[in-house]
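Provided below for reference: sequence and predicted model.
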Amino acid sequence: MQRNFERRKLSLGTCGRAYATPCIHEHACIRCPLLRPDPAQRPRLAEIRDNLTARIGEAQREGWTGEAEGLRVSLAAAGHKLAQMDEITAHRRAAPVHLGMPGHLPAVSRTVTTAAVLPGNAR
């Protein structure tokens, strides 16, 4: 049962899909909105982006319009994932928020006194 909630480790980060569910992107994770990129993999993703740019140029030279369009979609997704990585890194580098120390309230005590019931005070 716990396996259903484990994260799937991928080369660029982790996958947010539920365990044992099919991947509609056929492992083209760069296009998948469920990929949670790992900022440590930024150089690898930048290399993938550069490779996509070169492949788009080749596809255009060869007249493979459909291939070029698919590569442009992947290139846009790579740019989006790089922006996500930068955002994650910026949040990690942000100055810590000082919450302060909680105050210590002195213990409050009450003494409950009851009126003594005297023979003349009885109701």
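That came in fine, so what should we check first?

show me where the protein has its strands.
Assigned by DSSP state E, the strands in the chain fall at 8-9, 13-15, 35-37.

which other helices and strands contact the second one?
Looking back up the chat, that one is strand 13-15. Judged by 3 or more C-beta pairs under 8 Å, 6 or more residues apart in numbering; DSSP states H and E, strand 13-15 is in contact with strand 35-37. C-beta: built from backbone N, CA, C; applies to glycine.

tell me how many other residues crowd Asp50.
Residues near Asp50, counting by other C-beta atoms under 10 Å, number 12.

who does the residue nearest the centre of the chain bridge with?
Geometric centre of the chain, nearest residue: Arg36, 5.8 Å, by C-alpha atoms, centre = their mean. For Arg36, the beta-bridge partners are Thr14 (DSSP bridges).

so what's it up against?
The neighbours of Arg36, taking C-beta atoms under 8 Å, 6 or more residues apart in numbering as the test, are Gly13, Thr14, Cys15, Gly16.

kindly recompute the last result at 6 Å.
Neighbouring residues of Arg36 by C-beta atoms under 6 Å, 6 or more residues apart in numbering: Gly13, Thr14, Gly16.

buried subset of the residues you listed?
By neighbour count, with 16 or more other C-beta atoms under 10 Å, the contacts of Arg36 hold Gly13 as buried.

for the contacts of Arg36, give me CSV that also has pLDDT and distance to Ile88.
Shown next, in CSV, are the contacts of Arg36 (pLDDT from 0 to 100; distance: C-beta to C-beta, whole Å):
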residue, pLDDT, distance to Ile88
Gly13, 84, 10
Thr14, 84, 12
Gly16, 81, 14
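
turn the contacts of Arg36 into a markdown table, columns for distance to Met101.
Converted to a markdown table, the contacts of Arg36 look like this (distance: C-beta to C-beta, whole Å):
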| residue | distance to Met101 |
| --- | --- |
| Gly13 | 36 |
| Thr14 | 35 |
| Gly16 | 37 |
